[in-house]
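S.K.: Structure, please.
(one chain, ligands or ions: 1)
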Amino acid sequence: MKYYSTNGKAPMADLQKAVVKGLAEDRGLYMPEEIYKLPKAFFDDMAGMSFQDIAYNVASNFFGDDVDEDALQDIVYDTLSFDCPIVKVEDNIYSLELFHGPTLAFKDVGARFMARLLGYFLRNGRGETATHKTVNVLVATSGDTGSAVANGFLGVEGIHVYVLYPKGKVSPIQECQFTTLGKNITAIEVDGVFDDCQVLVKSAFMDEELNKHMKLTSANSINVARFLPQAFYYFNAVARLSALGHQTSDIVMCVPSGNFGNICAALFGHEMGLPISRFIAANNANDVFYEYLQTGQYNPRSSVQTLANAMDVGDPSNFARILNLYSENGALSPAESHERISSLISGATYSDEQISETMRQCYKETGYILDPHGACGYQALKDGLKPGEVGIFCETAHPAKFKEKVDAILGIDIEIPERLQAFMKGQKQSVPMSKDFADFKAYLMQQD
Ligand SMILES: *Cc1c(COP(=O)(O)O)cnc(C)c1O
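M.R.: Predicted coordinates:
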């Protein structure tokens, strides 16, 4: 499979290059040249298949030409060492629980898959990546991404991960998930805010001397190896729903969205033939996509802080991918692609007050504990589901990841799962760093 750039000014890349580089030379996002429909027989059999087998079928549709069959199967099976079940919350509304992985959020799936695929290319790679040098992954985080990437890459040979996070600005529960791991994971505690961390990472990628000294790559959601595997659990969710006897013709998939990587994977699934009748992108107060759906105008702006902070994004990076997909790589006019997008996807946007109210109401009426992100998804279904439709919303993180907020809103003392407690017992190790690039560079020049 060849991958082109959404900006159209970079050469085509093979999968290996797309994964190792992340972003194309023209700073566009990589898109697969073809999205093949899965055969009818697969959809007929899906309800009786295991999650891992479903995922392997989806994975080979994209990666089958570029990765050895047995290796791909191992990568998929090893990635999905946990389930993503659907849980009935009330009549016609199901929660797709994406928080049963090591760091209790959906990013585990993409991070684990990418780590294994990158590991495979380092062992078997040709050309540029056929290097015996360590590949260094730099990731800036405000919490969730760092923990998923660090845990996904933990112990993968040939890769070292540097997680940059703002000192005192991530919750203690989040911090311990990437500062206690050791091995090939180094946490860097930056005296600054999240944006300073991001600037340090971007400056590092652009620094010629540093890039000569060490091989650097990124693991954010623009990487095809991180976002595409998220399609796996949408197929599984539809399979489980049909195994429960539901018609698969009226399924509405609702995805709480920030950078739009997760919903993008669902849309790719739809292109592969997954029977989902329509989508809802649920936003918090950061609602540029919602606004685009209403007006056809896309006006990125700075993000505002909300209760659902992993969705505090003012310029979603995967918007370019969605636009490219539905404009047939620029063949359709902006008005035509807006028409296609807004007839398939509707939007919703919720204030912090509404999020809290939804969490309280859902808990009182159903006993189900929502996290602030999932709450946006649940409420969007409550508000938008039509008679005869069945809705699935993604519960993108375990509510205990946001214990302080959830406890305060619901007046409960939510239990912290054992996996999280295990992190909290570990010894915190981090490298203090100023927000000056010169300091960060000097530090990296001493590593190899
Ligand atoms: C990352 C994240 C989101 C947003 O997902 P995108 O793929 O960026 O749209 C939503 N909820 C949680 C808990 C997250 O960590």
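S.K.: how about the longest helix along the chain: buried residues?
M.R.: Counting by DSSP state H, the longest helix found in the chain is helix 107-124. By neighbour count on 16 or more other Cβ atoms under 10 Å, the buried set for helix 107-124 is 107-122. Backbone N, C-alpha and C define where each C-beta goes, glycine included.
S.K.: and it, average pLDDT?
M.R.: Regarding helix 107-124, the rounded mean pLDDT is 94.
S.K.: Kindly report the same for stretch 427-439.
M.R.: For stretch 427-439, mean pLDDT is 96.
S.K.: Also stretch 250-267?
M.R.: This predicted structure assigns stretch 250-267 an average pLDDT of 96.
S.K.: Next, the distance between the ends of it.
M.R.: Length of stretch 250-267, first residue to last, Cα to Cα, to the nearest Å: 16 Å.
S.K.: what do you get for stretch 401-418?
M.R.: For stretch 401-418, the end-to-end distance is 12 Å (Cα to Cα).
S.K.: Ok, stretch 306-322 next?
M.R.: Stretch 306-322 end-to-end distance (Cα to Cα) = 25 Å.
S.K.: Check whether that stretch comes into contact with the ligand.
M.R.: Yes. Judged by Cβ under 6 Å from any ligand atom, stretch 306-322 comes into contact with the ligand through 310-311.
S.K.: how about that stretch: buried residues?
M.R.: Across stretch 306-322, burial judged by 16+ other Cβ under 10 Å covers 306-313, 316-322.
S.K.: Look up how far Val109 lies from Ala225.
M.R.: In this view, Ala225 and Val109 are 11 Å apart by Cβ to Cβ, to the nearest Å.
S.K.: Next, the contact list for the closest residue to the ligand within the stretch 1-150 of the chain, please.
M.R.: Nearest residue of the stretch 1-150 of the chain to the ligand, counting by Cβ to the nearest ligand atom: Asp144, 3.7 Å away. By Cβ atoms under 8 Å, 6 or more residues apart in numbering, Asp144 lies in contact with 103, 105, 107, 174, 310, 397, 401.
S.K.: Confirm the fifth one sits in a helix?
M.R.: This means Ala310. Yes. Counting by DSSP: H, G, I helix; E, B strand; the rest coil, Ala310 is found in a helix.
S.K.: Chain neighbours aside, what residue packs nearest to it?
M.R.: Of all residues not flanking Ala310 in the chain, Asp144 sits nearest, at 4.9 Å (Cβ to Cβ, 6 or more residues apart in numbering).
S.K.: Check the first one too.
M.R.: Leaving aside its chain neighbours, Thr103 sits nearest to Ser147 (4.3 Å; criterion: Cβ to Cβ, 6+ apart).
S.K.: what about stretch 122-135, start to end distance?
M.R.: Stretch 122-135: ends 9 Å apart by Cα to Cα.
S.K.: pLDDT score assigned to the residue nearest to Ala310?
M.R.: At Asp144, pLDDT is 82.
S.K.: how about the strands in the chain?
M.R.: 2-5, 13-14, 30-32, 86-90, 93-97, 135-140, 159-166, 185-190, 215-218, 251-256, 278-283, 345-349, 390-395, 431-433 (DSSP state E).
S.K.: Neighbouring strands - and their directions - for the first one?
M.R.: Sheet neighbours of strand 2-5, with direction, are listed as strand 13-14 (antiparallel), strand 30-32 (antiparallel) (DSSP bridges).
S.K.: Could you list the residues of the protein in contact with the ligand?
M.R.: 105, 107, 144, 221, 256-262, 310-311, 373, 396-397.
S.K.: Could you report the pLDDT at Arg340?
M.R.: On pLDDT, Arg340 comes in at 97.
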